[in-house]
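Enquirer: this is the structure alone, sequence omitted:
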């Protein structure tokens, strides 16, 4: 496997940092982009392992940090779900300009919802895979439950997620009100692989069922 550090600009002009993994022979038959989960980063073990599996099968894989996370520039407090989608489109544009346009998008949790939206706007994408994705991006609000009132009344709040503090602003919640994932899935018309664990206590298995029902064939579900 060949690993390269790359940087590209998002819609707002922030520099996003990623790693491009290539097969040993450095001639991938297709390129894929991986979108990490809410407040996560590109270096999670699961993300790296999936990347290695794909490169061993001849894919080139770009995994990057969304705006304000990991090594990427920007203020996380100013980001939202729509911004994540725009970051994915910027990543696809980077690959198209410098390597080859991506044919596969993969996303974990909220990143899974984001790749569905992005796939609808990136013509080169031929297939989409989600891992533990919510059927509605608003699902992420349950992680913010104890701070929702403060966010609504004061415009923002410091929220502790997995031992780290993040600033969540009201604009993040407002943006979620304009998402309609089932309708986007219905209109996607691209092969969709849905992977989900029945033991997932963060994003329940019913979310996978709802995505599957909304999607047209070809579609597949794998229980993890």
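Expert: Done, it's in. Only a predicted model underlies this, so the values are computations on that prediction, with no experimental measurement involved.

Enquirer: where does the chain dip in pLDDT?
Expert: Within the chain, the stretches with pLDDT under 70 are 1.

Enquirer: so where do the helices sit in it?
Expert: 45-56, 81-98, 110-119, 148-154, 170-176, 181-188, 206-214 (DSSP state H).

Enquirer: grab the most central residue of this protein for me.
Expert: residue 111 (2.2 Å; CA atoms, centre = their mean).

Enquirer: next, the contact list for that one, please.
Expert: Contact partners of residue 111, counting by CB atoms under 8 Å, 6 or more residues apart in numbering, are 34-38, 40, 84, 133. All C-beta spots, glycine's among them, are computed from the backbone N, C-alpha and C.

Enquirer: residue 61: what's it in contact with?
Expert: 20-21, 31-34, 50-51, 54-55.

Enquirer: by neighbours, which of those wins?
Expert: Counting neighbours by other CB atoms under 10 Å, residue 34 leads the contacts of residue 61 with 30 neighbours.

Enquirer: that older thread, look up how far residue 130 lies from the residue nearest to the centre of the chain.
Expert: Residue 111 is 8 Å from residue 130, where distance means CB to CB, to the nearest Å.

Enquirer: got it, and residue 35?
Expert: Separation of residue 35 from residue 130 (CB to CB) stands at 9 Å.

Enquirer: shared neighbours, these two?
Expert: With CB under 8 Å, 6+ apart as the test, residue 35 and residue 130 both reach 106-108, 112, 115.

Enquirer: residues touching the nearest residue to residue 15 once chain neighbours are set aside, list them.
Expert: For residue 15, ignoring the flanking residues on the chain, the nearest one in space by CB to CB, 6 or more residues apart in numbering is residue 73 at 4.7 Å. Residue 73 makes contact with 14-16, 67, according to CB under 8 Å, 6+ apart.

Enquirer: and residue 157, by the same measure?
Expert: Contact analysis of residue 157 by CB under 8 Å, 6+ apart lists 147, 150-151, 167-168.

Enquirer: do residue 47 as well
Expert: Listed by CB under 8 Å, 6+ apart, the contact set of residue 47 reads 34, 36, 40, 63, 108.

Enquirer: same deal with residue 130?
Expert: Listed by CB under 8 Å, 6+ apart, the contact partners of residue 130 are 106-108, 112-113, 115-116, 192-196, 211.

Enquirer: related to what we said a few turns ago, please pick the buried ones from the contacts of residue 157.
Expert: 147, 150-151, 168 (16 or more other CB atoms under 10 Å).

Enquirer: out of the residues you listed, which is nearest to residue 98?
Expert: Among those, residue 168 lies closest to residue 98 (CB to CB), at 33.7 Å.

Enquirer: burial measure for the nearest residue to that closest one once chain neighbours are set aside, as a count.
Expert: Of all residues not flanking residue 168 in the chain, residue 159 sits nearest, at 5.0 Å (CB to CB, 6+ apart). The number of residues packed near residue 159 is 19, by other CB under 10 Å.

Enquirer: before we move on, back to that, now the two most distant members of the contacts of residue 111.
Expert: Largest separation among the contacts of residue 111 by CB to CB: 34 and 38, giving 14.5 Å.

Enquirer: just to revisit the earlier point, chain neighbours aside, what residue packs nearest to the residue nearest to the centre of the chain?
Expert: Distance criterion CB to CB, 6+ apart; nearest residue to residue 111, sequence neighbours excluded, is residue 35 at 3.3 Å.
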